[in-house]
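A.B. asks: what's the 3D shape of this:
(one chain, ligands or ions: 1)
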Amino acid sequence: MRKITIAIDGFSSTGKSTLAKQIANQLGYAYVDTGAMYRAVTLFAMQNGLVDQFDFNKSELVKRLPEINLQFEFNPELGFAEMYLNGTNVEKQIRSLEVSGFVSQVAEVSEVRAMLVKQQKQMGMAKGVVMDGRDIGTVVFPDAEVKLFMSARADVRAQRRFDELTEKGQLVSYDRVLENVLQRDHIDTTREDSPLVKAADAIEVDNSELTREQQFDQVMEIIKNKL
Ligand code: DC
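C.D. replies: Sure, this is the predicted structure:
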């Protein structure tokens with residue numbers, strides 16, 4: 001069967017990565033979580049004192065981008081690839097609310113985007129890839145055979161994120177999570193470079209009222225028609 005490229009974009013906490021992993025497993029494709037790459041760059045900035053709640057030293061981060069090495073390594077026990085920043089597994093750290101609080105600012109920087117988009121294009125060159133993010137169908141793979149645009153109501157997304165974080169033992173309030181979701185929506189959709197927009201040929205999936213299984217079945221139908 002011919003291999004295709006599947007691009008999944010959409011708002012934060014719409015279950016893009018869950019869906020992408022399901023599809024990749026089903027088709028035997030590689031899965032690339034581009035949000036993890038922006039998160040890892042953000043973690044690098046935090047670790048080096050380049051971003052905190054008062055300040056963001058953009059020019060210094062841009063200068064130091066060549067020091068950042070990002071690698072995905074497949075973890076067979078988990079069934080997906082984990083993010084390594086300069087040789088260290090940072091999968092847990094990059095999912096914290098602290099990183100989530102700074103990542104949109106870092107993702108606004110054109111030099112950061114250019115570096116990551118270049119790496120993403122290389123990762124998808126051989127096709128047979130499911131990639132999720134904000135600009136995959138518009139910038140990274142404008143020729144992707146399947147483009148999905150995921151959405152869900154903000155309160156539903158905040159509840160999902162809140163459950164996820166509490167399950168991991170993080171002490172957070174629902175209101176703070178909702179605030180972060182809304183703030184990221186705003187920054188992601190209004191930034192100058194590659195804002196989150198639905199590609200003209202993307203299929204929108206609103207999963208506010210869908211179970212994971214219902215969503216997966218719907219999407220696999222779309223994909224099978226393209227294969
Ligand atoms: O998908 P996520 O929530 O892990 O993404 C983290 C942040 O990175 C998100 O606020 C927007 C940014 N991002 C981006 O700008 N472009 C991408 N392709 C992926 C993520």
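A.B. asks: show me which residues of the chain sit near the ligand.
C.D. replies: 12, 34-35, 38-39, 103-104, 107, 133-135, 184, 188 (Cβ under 6 Å from any ligand atom). For glycine as for every other residue, the C-beta is placed from the backbone atoms N, C-alpha and C.
A.B. asks: if we go to 5 Å?
C.D. replies: 12, 34-35, 38, 103-104, 107, 133-135, 184 (Cβ under 5 Å from any ligand atom).
A.B. asks: can you pick the most crowded of those?
C.D. replies: Within these, most neighbours by other Cβ atoms under 10 Å means G133, with 29 neighbours.
A.B. asks: contacts for the top helix by length along the chain?
C.D. replies: The longest helix of the chain (DSSP state H) is helix 174-190. Outside helix 174-190, the residues that touch it by Cβ atoms under 8 Å, 6 or more residues apart in numbering are 11-13, 97, 100-101, 103-105, 107-108, 134, 154-155, 157-159, 161-162, 165, 195-197.
A.B. asks: again, only using 10 Å
C.D. replies: 10-14, 97, 100-101, 103-105, 107-108, 134-135, 154-166, 170, 172-173, 194-197 (Cβ atoms under 10 Å, 6 or more residues apart in numbering).
A.B. asks: show me the contacts for the residue nearest in space to the middle of the chain.
C.D. replies: With distances taken as Cα atoms, centre = their mean, G35 lies nearest the centre of the chain, 2.9 Å away. G35 makes contacts with 12, 16-17, 83, 94-95, 100, 103, 107, 132-134, as judged by Cβ under 10 Å, 6+ apart.
A.B. asks: of those, which is the nearest to the ligand?
C.D. replies: G133 (2.4 Å; Cβ to the nearest ligand atom).
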